Structure formats: C-alpha cells, structure tokens
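[1] Quick one: sequence and predicted model below, then my questions.
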Amino acid sequence: MLDIQLLRSDLAAVAKRLADRGFTLDAAAFEALEAERKKVQTDTQELQAKRNALSKQIGQMKAKKEDASALMAEVNAQAEQLKALEQQLADVQQRLNEYLMVIPNLPQASVPFGKSADDNPEVRRVGEPRQFDFTVKDHVDAGAALGGLDFDTAGKIAGARFSVLKGGVARLHRAIAQCMLDTHTSEHGYTEVYAPYMVSGDCANGVSSLAKFKEDLFKIEGRDLYLIPTAEYPVTNFVRNQILTFKELPLKFACHSPCFRSEAGSYGKDTRGMIRQHQFDKVELVQIVTPENSGAAHEELTAHAETILKKLELPFRTVTLCTGDMGFSSAKTYDIEVWLPGQSAYREISSCSNFEAFQARRMQARYRTAQGKTELLHTINGSGLAVGRTLVAILENYQNADGSVAVPAALQPYMGGLKAIVPMA
RNA sequence: GGAGAGAUGGCCGAGUGGUCGAAGGCGCUCCCCUGCUAAGGGAGUAUAGGCUCAAAAGGCUUAUCGAGGGUUCGAAUCCCUCUCUCUCCGCCA
C-alpha cells in the first residue's frame, strides 16, 4: 500500500510514476473520495466531541445528584444524526482503503522504463554456456532417459502441471534444496525456518493484493485459507502487527517450502516439462530491514541467490525488471535467469525484490528506532533458488551423450559422493 | 470432540458503568549524583488519524484495552458473535 499522505501531497507525480508501470491511477476518483472523507470525518468528529463533552457533564451532575435530564435530551436529539454520520464515515473509509489496496508500488528512481520483459536490461552475465558435441535433450527427455521424471503418473494422480520424481533424480532434487539451505544458513547468515503452507486472507493481503490475484492462488474450500504460492507469504508475515526494536534488525530467514500456483492465466505456456507447475519447491530468502539499509540488503540478497548458481557452475544472467514488467508490490526487482541448453534460452530461476514499506504498511510491521520513534520496516525477498527449475537446469546442462547426468561437485556430498546419475535399470 | 479459564500500552500487571488513554512495576530516553561495568534521585515515554497553521512548533479533536456487533447520555468494565491462547479429559501422527 502506498502512503496516503503521498497521494494527498503529490497526486500528479504518483500518477505519472504509476503510468510508467502501466497502471492508470484514477486521480479524480481519489480526489472525490478524499473530499467526501474530509467532510464526513470533520462533521462526525465534531458531533462526537460534542457528545463526549455533554456525557462528561452528565456524569459530573449525576455524581452531585443533580438533574441531568435536559443534557440527556440534548444528546439524544443528535443521536440519530451521529449514528448516520458514523456509518457514512466507515463506508467512505472502506472505499478509500479498497482504492488504495489495489494500487501497485512505485518503482524506485533507478528502475529503467520499459513496457515488457523485452525491455529488461541485463546487469551481468556469469559463466559460459557449454558447447555440446551431441544433440542436447531438454530436461523432459533427459529425465525420462534416466527413468526419473514421470509426467504420466503425475497426470494420472493430479492432472497436468504436476510431476513425479524417482530414484537419483528425486534424490538430486532433495540434494539441491539441502545445499541451498546449508549455504544460506552457514555462509550468508540466514535463520532456517519452517512455516505453514497455508495463510489467511489477511496475510495474503499483507504481501500482495488478494483482490487482484485471488485467481492465482489455491483456496481451501470453506475456510479463509490459501495454499502459499511462495514462502514469502508466511515468512514475511512473521512480523505483521509487530513493533520490533532496531537492535533486532536485520532479520534474515531462509525457508524451504513447496509453492502452489493455479497458473490460471498461463494456459498453453510452458506446458511441457516442469518449468511451470502447480506445485514446486523453492528455498526463499526473506530480509526484514530498516529503510536506510534496504537498498544494500536487496543487492546483498540478490548476490546470495547468485552464489548458488556459481556453486553449481550454471551459467546465468541477471536482469533488472523494467517498470512495465515489475510485480505488484515491488519497488525494484532483479530476475536471475539460468541458461537452459534445451531451450537455448535464459529462463527465470529467481526473482529478488525490494518492497520498501509497501508490504510493511499493509502488515503494520514496524520497528522502534534508536530515537524511540516507530517507523515502518522495509521487506525484501528472493528465491534462493527455485528448486524445480534448478533441477531442470542441471539435467540439461550436465547431460552426457550416453544419457547419464553428471552431479555438480557442490552436490556430490549431498548425494553420498555420487558423481553421476545413470539410467535406472 | 467435551469441560473450564483467559486476551489490557514495548513487556508484566491493576482496573466490573462516568473525571480512565488507562494505577503500579519493568524496560527505554534525557538529566543529576557517584572516581570506573554496581547502586541511587528526577523528568519523560502508546498507536493511528482528522482539523488548524505557508511550514515547523503549537493548538483543537476523533478512534483504539483480541476482532466485530449491541445496550447506554456515557463501555476496558454489561450483552451477543467470532478469533486466538492456556488447563483438564478424549482422540490422534
């Protein structure tokens, strides 16, 4: 949520910056709502003040055993009007809140202008795509050749966009998650956490907009619970409705969890393989920081995610999402894209965002400064990394002509020293 | 699933219809005292918002004692619903 004060003081500038990201702010609607709110609120509070003053007098008179019926009649005379005004005020405030809750975050000044993913500038490129002297398989064929990737069985159980992993591939999937978690906790200072795979509607609204993105989530029938599309949902909400002290900051959490997405808007997209699934694993990094540190923390967190790809010796590039390609809550996002030989393309494997106070304001997540003032926190998160897509990248980048797949050196300790996965008997 | 208890400020904890935004304690901030990390004294210390002001300061004001409704001139206090926590029993991984 944006700071309403900002809209009040500089509506035109806000509208202009939102236009950069393709969002049309209805400025006239805001001004009308504000005018209404102001009038109704002033009137209501005036009447409330009068009632409070009279009630106080009544109390004092009764204490002295005097007759207060005249004052009581006076309060009663305005009771109905006050009730109506209070109702009106609640109503206009709710409409104002609904208006605010669906406005996306403002891009940072450093975010480049652009309309789509095609306009995302590359920040850096690390590693050289390997040259193959045989016809490369994509991960579906490479996985099938190993007998470790089975979409037919998954389809039989749950339908499209699910997968079953077996044998060495399933173990590799587990090894990837273990390696990521260990790296972030022992080398990058994150605290490992385990959290619910379902969150309340309030928590979903704390990190994003439920009104806007309801369709992307799986809802639990008959309950106010949603399957998490990322561990960002539960973990960022750790600090909701809380006032931390500056001494506790920054908080750094790493969480390995499954993620559930309905993929409602992506029919026909990435239908092959496990690039886009209803369920996938991810190791999520979350940082809760003070405002002055969020820029640096965002860079740091992005580097932490990149470290995993460097360890696994997978070629990647990092791009800055342009204004037109950013997510709803983000003020700035870096996407990390891994090289997939099967597609001859870089594909997203991590998205690292700085939300500044946008989520904190929705969650009422605050901290007390050294001066004793309470301020909104800044939140940052990123995938470190998506486990399923990392598996895809390894199957494709580490495949051999004989159908076996080499195990990256960094993962071998997690695979009992195994150096390659060979086709199952 | 059954029975009971509870939810108050950063924390602990008083408060069963009026002058209570809320005693007291802890913590924190500032000052004083004290020749060193201890102790003592004093002052301050909830949050969000509105109006006013060129702005800041200030002034006036509203709401908030788990959430939402209700009763009342007036609710932390009474009533209803919900959520959560704890204890005991049952069941269960």
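    Yep, that arrived. Numbers count the residues shown, from 1 in each chain, chains lettered A, B, ... in the order given.
[2] Name the residues of stretch A:334-349 that come out as buried.
    A:334-343, A:346-349 (16 or more other C-beta atoms under 10 Å). Quick note: C-beta positions are derived from backbone N, CA and C, even for glycine.
[3] what about that stretch, start to end distance?
    Stretch A:334-349 has an end-to-end distance of 11 Å (C-alpha to C-alpha, to the nearest Å).
[4] Now do the buried residues in the longest helix seen in chain A.
    Counting by DSSP state H, the longest helix found in chain A is helix A:27-63. For helix A:27-63, burial by neighbour count (16+ other C-beta under 10 Å) applies to A:30, A:33-34, A:36-37, A:40, A:44, A:47, A:54, A:58, A:61.
[5] Show me what that helix is packed up against.
    helix A:4-20, helix A:69-101 (3 or more C-beta pairs under 8 Å, 6 or more residues apart in numbering; DSSP states H and E).
[6] could you dump those helices to a markdown table with distance to residue A:395?
    Below are the helices and strands packed on helix A:27-63 laid out as a markdown table (distance: least, C-beta to C-beta, whole Å):
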| stretch | distance to residue A:395 |
| --- | --- |
| helix A:4-20 | 39 |
| helix A:69-101 | 41 |
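[7] and of the ones you listed, who's closest to residue A:390?
    helix A:4-20 (32.8 Å; C-beta to C-beta).
[8] who touches residue A:352 in this structure?
    By C-beta atoms under 8 Å, 6 or more residues apart in numbering, residue A:352 lies in contact with A:285, A:298, A:301-302, A:305, A:333-336, A:380-383.
[9] sorry, that was for residue A:260
    Residue A:260 neighbours (C-beta under 8 Å, 6+ apart): A:197, A:217-218, A:227-229, A:278-279.
[10] and the residue of the stretch 51-200 of chain A nearest RNA strand B?
    Per C-beta to the nearest atom of the strand, residue A:59 is where the stretch 51-200 of chain A lies closest to RNA strand B, at 2.9 Å.
[11] Please apply the same query to the stretch 101-250 of chain A.
    Using C-beta to the nearest atom of the strand, the closest approach of the stretch 101-250 of chain A to RNA strand B is made by residue A:243 at 4.5 Å.
[12] wait, isn't residue A:387 in contact with residue A:277?
    No - between residue A:387 and residue A:277 no contact is recorded; they are 11.0 Å apart, counting by C-beta atoms under 8 Å.
[13] of these two, who's got more company?
    More neighbours surround residue A:387 than the other of residue A:387 and residue A:277, with 25 against 20 (other C-beta atoms under 10 Å).
[14] How about the backbone phi and psi for that one?
    With angles defined as degrees, to the nearest 10, residue A:387 sits at phi -70, psi -50.
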